[in-house]
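Asker: turn this into a structure:
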Amino acid sequence: MGEVIVRVFWVGVVFFTAIFLSADSYAISQKPFYEAKSYINSINVCGMVLYLATNDGTVEAISLKDGKPVEYRFEKSKTPFGSFNSSAYFAFCELERGWVAASSSSGKLILLDTKLKVISTYNIPETHSYSAAFMQGDFIIIGTVYGTVRALRLPGLNPVWSIKANWDAIKTVSVNPAGTLLATGSNDSRIQIRSTADGKKVKTLKGHKDGIYTLSWSANGKHILSGSKDRRLLYWNVETGDFIELHKDFTYIYSAMIVGDNLAVASTNENEVSLFSIASKVKLATFKGHSTVIVSFSYGNGYVYSGSASGEIYRWNIREYL
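Answerer: Numbers count the residues shown, from 1 in each chain. Prediction:
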């Protein structure tokens, strides 16, 4: 009788332990993929290279094969423009046409090739831009600190149109896969959907209660994922304006993105990477390793890359979930 009781006891312990640990059963701790010398503001995968922008004004290119810097980089001490004498806010790329765009807090937007050679520059009238996106038709869309959205023609960065989109600083800009619509997120807590042709407003998505830090379109252009200062991760139906709440945290959600058809990646608990199933609204995995807040994500070849305020970039294998 005593043996039966002991067996039942241990079966119960194993069962409840499995339930308790299920949410974090895929937690991983590993060494950084790459460590920058300064706060990372943005990372972006382009082919087999990851571009990053840092607080010291440097734009770097890192090989995805070995996690080491390639032979080219852009920094204030090595350019005749003297452009980035302050923080580089973003660095993102467009592989098909071979462009990399970067901006600084000094108000300079720079278009480079994939080897970080300067093609053209633009002085942003509203001081600086936190976010931008390439779109079809050889344009770049930028959102500024004063809530203005500007469309610039590439490669010369010639102004095409500009419009006051938000009453506060635009923290994130995202263009749908078709290149017809853009979404902006601001401290005013509203997501503005606008035409990329002329910047005219199509609709406003209301649901967040505080500033919006990150936006990501789905591959079919019908949904948007948003992360906010209100600590919520929302998944929107753009046509109806309805949303579902995928997650609510005790801290701000600074970065999030949609991967594939049914996965959402978000920064949670400041320094954790969480993977969610959109269809079932279930957390699939939590990846741990960062020591400070995660500010940017990118994706490539079955891996999620995450960059943090401490300069660390981690690489997480999510192929089993795709």
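Asker: list the contacts for residue 161?
Answerer: Shown in contact with residue 161 (Cβ atoms under 8 Å, 6 or more residues apart in numbering): 150, 151, 198, 199. Using the backbone N, CA and C atoms, a C-beta is placed for each residue, glycine as well.
Asker: just the terminal-to-terminal distance for stretch 156-169.
Answerer: End-to-end span of stretch 156-169 (Cα to Cα, to the nearest Å): 25 Å.
Asker: tell me, how many residues neighbour residue 198?
Answerer: Residue 198 has 10 neighbours, counted by other Cβ atoms under 10 Å.
Asker: how near is it to residue 141?
Answerer: Look at residue 198 and residue 141: by Cβ to Cβ, to the nearest Å, they are 12 Å apart.
Asker: do the same with residue 250
Answerer: Here the distance between residue 250 and residue 141 works out to 33 Å (Cβ to Cβ).
Asker: which one of these two has more residues nearby?
Answerer: residue 141 (25 against 8).
Asker: and that one, bridged to which residues?
Answerer: Beta bridges link residue 141 to residue 133, residue 151 when assigned by DSSP bridges.
Asker: that one: what's it in contact with?
Answerer: When contacts are counted by Cβ under 8 Å, 6+ apart, residue 141 touches 132, 133, 134, 135, 149, 150, 151, 152, 173, 175, 182, 196.
Asker: that one and residue 260: what is the separation?
Answerer: With Cβ to Cβ as the criterion, residue 141 and residue 260 are 24 Å apart.
Asker: wait, doesn't residue 229 sit right on residue 214?
Answerer: No. Assessed by Cβ atoms under 8 Å, residue 229 is found out of contact with residue 214, at 10.6 Å.
Asker: neighbour-wise, which of those two wins?
Answerer: More crowded of residue 229 and residue 214, by other Cβ under 10 Å: residue 214, with 24 against 18.
Asker: where's the dip in pLDDT among the contacts of residue 141?
Answerer: Across the set of the contacts of residue 141, residue 135 stands lowest in pLDDT, at 84.
Asker: give me the neighbour count for that residue.
Answerer: The burial count for residue 135: 21, using other Cβ under 10 Å.
Asker: list the contacts for residue 223?
Answerer: Residue 223 neighbours (Cβ under 8 Å, 6+ apart): 217, 235, 236, 237, 238, 258.
Asker: let's see it at 10 Å
Answerer: Counting by Cβ atoms under 10 Å, 6 or more residues apart in numbering, residue 223 makes contact with 176, 216, 217, 235, 236, 237, 238, 239, 243, 244, 258, 278.
Asker: local confidence estimate at it?
Answerer: For residue 223, the pLDDT comes out at 98.
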